Structure formats: C-alpha cells, structure tokens
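In: Sequence plus predicted model, see below.
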Amino acid sequence: MKKLTNKEEELLKILWRLEKAFVKEIQAEFKTEPPHYNTLSTLVRNLEDKGYVTHKAYGNTHQYAPLISKEDYRSRFINSTLDDYFSSSYKSLVTAFAQEEKISVDELKEIITHIENQK
C-alpha cells in the first residue's frame, strides 16, 4: 500500500473513530482547522485510490468507511519504519528509544517479563 500524507493519516484516524461518515461529518471532526470541503473530498478519494477507504453512494453523495483496520495499518507502519530506519532490528529500535530516554528501565523490565511469559 502507498504511504499516506499527514492529512490523509489524520483523515483515516477520524474514519476509524467514526467507522463510516460523509465528508461533512469528517470535516466536523478535525481538531485543527479543517480542510475546505472540496479539498477534503479530494483527500478521501485519494485514500480510496490508495486502497485505504471504500464508499457507499447515496445519490450524489458518498459515505466513506475504512478498508484497513487501525491495527493492520499500525503493523505495516511499524514494519516499514523498522525496515527503513533500524535495519529491520527491533533491538536497534529499542536501543534508540533507550538512548533518547523515551523508555525507562522499568518499562524494559515489563517488556522482558511479557516476552518471558509468552514462552
């Protein structure tokens, strides 16, 4: 699947939350200044062209719904990021978080405990 722009990703997050919506409903959900209706309509159609969204026609208007779950998207995003920036190494990813102090020793211990309990 093609990568999303920040606005497309923001729009998809709104659709995950609403489950299905018309462009006006999506527009009302933006936390920042919402895009103009026509711009938003174009963004939704771009998401559809990229395979992330589908629609159901009601006369001249369309109700949109996500085709990909938040969990599937997250998995693809993480795997792509891991491949692109960490040479496909989870160890490198966790090390980067530790070096930037984004993860604590206690959190790392929790992760280790979780892994050990899975075996």
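Out: Structure's in. What do you need? Residues are numbered from 1 along each chain as shown.
In: so what are the domain limits for the chain?
Out: Following automatic domain parsing, one finds the domains of the chain at 6-66, 70-118.
In: weakest of the ones you listed in terms of mean pLDDT?
Out: Sorting these by mean pLDDT places domain 70-118 lowest, at a mean of 90.
In: and that one, how far apart are its ends?
Out: Domain 70-118 stretches 24 Å from its first residue to its last (CA to CA, to the nearest Å).
In: from what I can see, residue 30 looks like it's in a strand, true?
Out: No. The assignment for residue 30, made by DSSP: H, G, I helix; E, B strand; the rest coil, is coil rather than a strand.
In: could you list every residue that touches it?
Out: 10, 14 (CB atoms under 8 Å, 6 or more residues apart in numbering). Every C-beta, even on glycine, is put in place using the N, C-alpha and C of the backbone.
In: So what does it have for phi and psi?
Out: Torsion angles at residue 30 (phi, psi; degrees, to the nearest 10) stand at phi -70, psi 130.
In: Counting neighbours, what do you get for residue 23?
Out: Residues near residue 23, counting by other CB atoms under 10 Å, number 21.
In: pretty sure it is in contact with residue 44, am I right?
Out: Yes. The pair formed by residue 23 and residue 44 meets the contact definition of CB atoms under 8 Å, at 6.2 Å.
In: Need the winner for burial among the domains of the chain.
Out: domain 6-66 (a mean of 15; mean count of other CB atoms under 10 Å).
In: so how far is that domain off the chain centroid?
Out: 14 Å (CA atoms, centre = their mean, to the nearest Å).
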